[in-house]
Every structure is written in structure tokens, then in C-alpha cells.
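1. the following comprises the amino acid sequence and a computationally predicted model.
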Amino acid sequence: MPAYRPALIAALVATVGVMIGSVGPWVTIFGFSANGTEGDGVITLILGAAAAAALGVLLARNAPPRFGIQWTGTAVGVIGLAIAIYDMVNVSSEQEEFFGQMIGPSIGWGLWLLLLSSIALCVTATIAAIQMRNR
């Protein structure tokens, strides 16, 4: 078994987290929620699926990767992380005063899952890519 295989499997699991987080609720307020697919979640969903496909090809093949495909997971992780942070900052800055109380939307579990899965994808895909290069 190649040394990079466990990291590659972990990266594939992280892409599942990215895709689930992309369709989960990103914003909640007063019991209502807005899913990620109503905004930037469409981008992260498509990128997560592309990363899963690329990592799946790498897992299925035993030949050395071509065209830098081994870095796809890292790139998608970085983009997902940037989108998650950007949207979290936007949600957090929407506070308003209402009868002396600060109210506003809160970050939904989908956005938190996207953030954590993107971090995991960055780390695991980078480890796998480095291990493939050193093979």
C-alpha cells in the first residue's frame, strides 16, 4: 500500500464534508435558515465534487499523477476556506440594535462544517501530494 493512501482517503472524506456543508444551513435567524446553495455554496459544492473526482482518480490509479492533479484537493480546500471565512465575517457583521438588544443572524452548521472540512482538506490533500511527489 502506498504511503500516501491514508492521507488521500482522509482528503476524500473531507470533500464529503465540504459538499454536505455546502448544502447545509449557512445562516439562521429567528428559526429560519438559508442554505449554502442560496449563495456561495453552489461554488463550494461544485469544487468539492471536482476535488472528490480528482482524488478518486488518484486513489484508483497506481501510476504517478499527471498535470498536477494531486494539488486539486489543496486548491479546493484553500478556496473553500476563503469562502467560508468571507461568509462568516459577513454573517457576523449583520448585527442590529432592536429595543436595546443586539440581534442578527447566526452562523449555521453548514458553514461551520465547510470551514472545518476545508481545513482538513487543505492539510490531508497537501500531505498526500507531498508524499506522492516523494514516492
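-> Thanks, I have the structure now. Numbers count the residues shown, from 1 in each chain.
2. and the helices in this structure?
-> According to DSSP state H, the chain carries its helices in the segments 5-23, 41-60, 72-92, 109-133.
3. now the ones you listed as TSV including distance to residue 31?
-> In short, each C-beta sits where N, CA and C put it, glycine included. Formatted as TSV, the helices of the chain follow (distance: least, CB to CB, whole Å):
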stretch	distance to residue 31
helix 5-23	19
helix 41-60	20
helix 72-92	16
helix 109-133	14
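4. per-residue pLDDT, the residue of the chain most remote from its centre?
-> Taking CA atoms, centre = their mean, the residue of the chain most remote from its mean C-alpha position is residue 99, at 37.7 Å. If you check residue 99, the pLDDT there is 70.
5. equivalent analysis for residue 71, please.
-> In this prediction, residue 71 carries a pLDDT score of 93.
6. these two touch, right, it and residue 128?
-> No. Using CB atoms under 8 Å, residue 71 is not in contact with residue 128; the gap is 9.8 Å.
7. the two: who's more crowded?
-> Between residue 71 and residue 128, residue 128 has the larger neighbour count (other CB atoms under 10 Å), namely 29 against 17.
8. the more buried one and residue 134: what is the separation?
-> Applying CB to CB, to the nearest Å, one obtains 11 Å for the distance of residue 128 from residue 134.
9. any idea how many residues pack against residue 35?
-> Residues contacting residue 35 under the criterion other CB under 10 Å number 15.
10. my guess is it meets residue 28, correct?
-> No. Taking CB under 8 Å as the contact criterion, residue 35 and residue 28 are not neighbours in contact, 10.4 Å apart.
11. okay, and the common contacts of the two?
-> Between them, residue 35 and residue 28 share no neighbouring residue, with contact defined by CB atoms under 8 Å, 6 or more residues apart in numbering.
12. where does pLDDT dip in this structure?
-> Flagging of the chain using pLDDT under 70 yields the residue ranges 1, 63, 94-98, 100-103.
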